[in-house]
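Colleague: got a structure for you, letters missing:
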């Protein structure tokens, strides 16, 4: 993302009045390296001279690896082409990384076409192939660093100059003040910070009267998950008052969740099958706590979304036939300031026993009056996928 356009277009000293795209890619490269350094105790492949998360082959197949800002999808797999193609942004750091790759892993990583696509020391994985989609930008960026040849040729074309001017790059360079740029919060998930919570269990059972939205059980005998800016896994929220909270409690037969969402601009226009595109709440369950998979027999996705006319929609998306009648909407409210719901989840049907399960709550906020389209997630580490942990037991 931060390399392909730069392969051909020389963005140095150019601005469209909105961003300095070259400087932006420098910062993104430094953030990528820093993320690897910060997680070097968790993954053997990461270090100050061993970094570079980008789409590449991994031990479990091809993945769109990446680092913050934005969703951080990683499992310890490093692609040498990421550092190589970033050489125009971080010359010294990229060269140090390439020397490390060759000097330390050259016997397994170097071949006919240079470095193979990737490696993962924790999984004892060294890719056997080299892919042109990664090798090509690396080769061209190395030449841009050496002589600027690709930039000179491409930027000399009249079509390029005409397009750049039409895109707003024809005027005077505007130096942007970093202090004036808005801070956009973004979630960063890491296995060493995987959250774990316990929902209290009432052995004698809970009655419907005890589970109303204003019931004391939610204040006195539940555990809360609060989603805020630090949980934004993708997109951008422009609604200042938006927020989502989920309260969890249980008895021996069921897990109960009370969901409260502050949302002054509710969007509901998608069919039920894709209602996650609207304002919605999602609950992910990995009952065996062995990594969530969209086709997993022990994995579930519950979605709630306000419908037309003040209604509330609810579906289990992955195993609707098996979970039919095992998921109940006990109470709900949809108003001008947001929506709420109380749901009941059959523990036996969803595999929620005494052992910890994988669990996460996500929220999607999309607005009609402001350019909001943000996905929040309590803990959702890809590509594995690791969820947070939830256990159920007596006491708070």
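Modeller: Yes, it's here. These numbers come from a predicted model, not from an experiment.

Colleague: Using the record's assignment, carve this protein into domains.
Modeller: Here the domain parsing of the chain from automatic domain parsing is 4-178, 196-394.

Colleague: Quick one: closest of those to residue 187.
Modeller: Counting by Cβ to Cβ, residue 187 lies closest to domain 196-394 out of the domains of the chain; the figure is 4.7 Å. The C-beta positions use only the backbone N, C-alpha and C, and glycine is treated the same way.

Colleague: show me where the stretch 51-200 of the chain has strands.
Modeller: In chain order, the stretch 51-200 of the chain shows strands spanning 55-58, 61-64, 110-111, 114-115, 119-120, 125-126, 196-202, with DSSP state E, counting those that start in this stretch as the criterion.

Colleague: Report the buried residues of the next helix or strand after the longest one.
Modeller: The one in question is strand 196-202. Past strand 196-202, heading to the C-terminal end, the next element that is a helix or strand (DSSP states H and E) is helix 217-220. Burial within helix 217-220, assessed by neighbour count using 16 or more other Cβ atoms under 10 Å, is assigned to 217, 218.

Colleague: And helix 217-220, what does it pack against?
Modeller: Counting contacts by 3 or more Cβ pairs under 8 Å, 6 or more residues apart in numbering; DSSP states H and E, helix 217-220 is packed against strand 243-251.

Colleague: between the strand it packs on and strand 196-202, how many degrees?
Modeller: Angle of strand 243-251 versus strand 196-202, following axes from the mean of the first three to the mean of the last three Cα atoms, to 10 degrees, is 50 degrees.

Colleague: Touching strand 243-251 from outside, list them.
Modeller: Contacts of strand 243-251 with the rest of the structure, by Cβ atoms under 8 Å, 6 or more residues apart in numbering, involve 197, 199-206, 217-218, 221-228, 255-262, 281, 283, 347, 352, 361, 363, 376, 390, 392.

Colleague: Using a markdown table, lay out the domains of the chain together with distance to residue 185 and mean pLDDT.
Modeller: Conversion of these to a markdown table gives the following (distance: least, Cβ to Cβ, whole Å; pLDDT from 0 to 100):
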| stretch | distance to residue 185 | mean pLDDT |
| --- | --- | --- |
| domain 4-178 | 9 | 93 |
| domain 196-394 | 3 | 95 |
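
Colleague: can you redo those as JSON lines with distance to residue 187?
Modeller: Compiled in JSON lines, the domains of the chain are given as follows (distance: least, Cβ to Cβ, whole Å):
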{"stretch": "domain 4-178", "distance to residue 187": "8"}
{"stretch": "domain 196-394", "distance to residue 187": "5"}
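
Colleague: so which of those domains comes closest to residue 189?
Modeller: Judged by Cβ to Cβ, the one of the domains of the chain that comes nearest to residue 189 is domain 196-394, at 4.1 Å.

Colleague: from what I can see residue 300 touches residue 319, true?
Modeller: Yes. Because the distance of 6.3 Å satisfies Cβ atoms under 8 Å, residue 300 is recorded as touching residue 319.

Colleague: More neighbours: which of those two?
Modeller: For residue 300 versus residue 319, the count of surrounding residues by other Cβ atoms under 10 Å is larger for residue 300: 24 against 17.

Colleague: does the closest residue to residue 277 other than its chain neighbours count as helix, strand or coil?
Modeller: If you skip the residues right next to it in sequence, residue 277 has residue 270 as its closest partner in space, 4.5 Å away by Cβ to Cβ, 6 or more residues apart in numbering. Look at residue 270: counting by DSSP: H, G, I helix; E, B strand; the rest coil, its state is coil.

Colleague: List the contacts of residue 270.
Modeller: Counting by Cβ under 8 Å, 6+ apart, residue 270 touches 276, 277, 278.

Colleague: Which member of these is positioned nearest residue 67?
Modeller: For residue 67, the nearest member of those is residue 276. The distance, counting by Cβ to Cβ, is 25.5 Å.

Colleague: Which strand or helix spans the closest residue to the closest one other than its chain neighbours?
Modeller: Using Cβ to Cβ, 6+ apart and skipping the chain neighbours, the partner closest in space to residue 276 is residue 303 (5.5 Å). Remark: residue 303 resides in strand 299-306, with elements defined by DSSP H and E.

Colleague: got the residue ranges for the helices in this protein?
Modeller: Taking DSSP state H as the test, the helices found in the chain are 4-8, 21-38, 80-84, 91-109, 132-146, 149-155, 158-164, 217-220.
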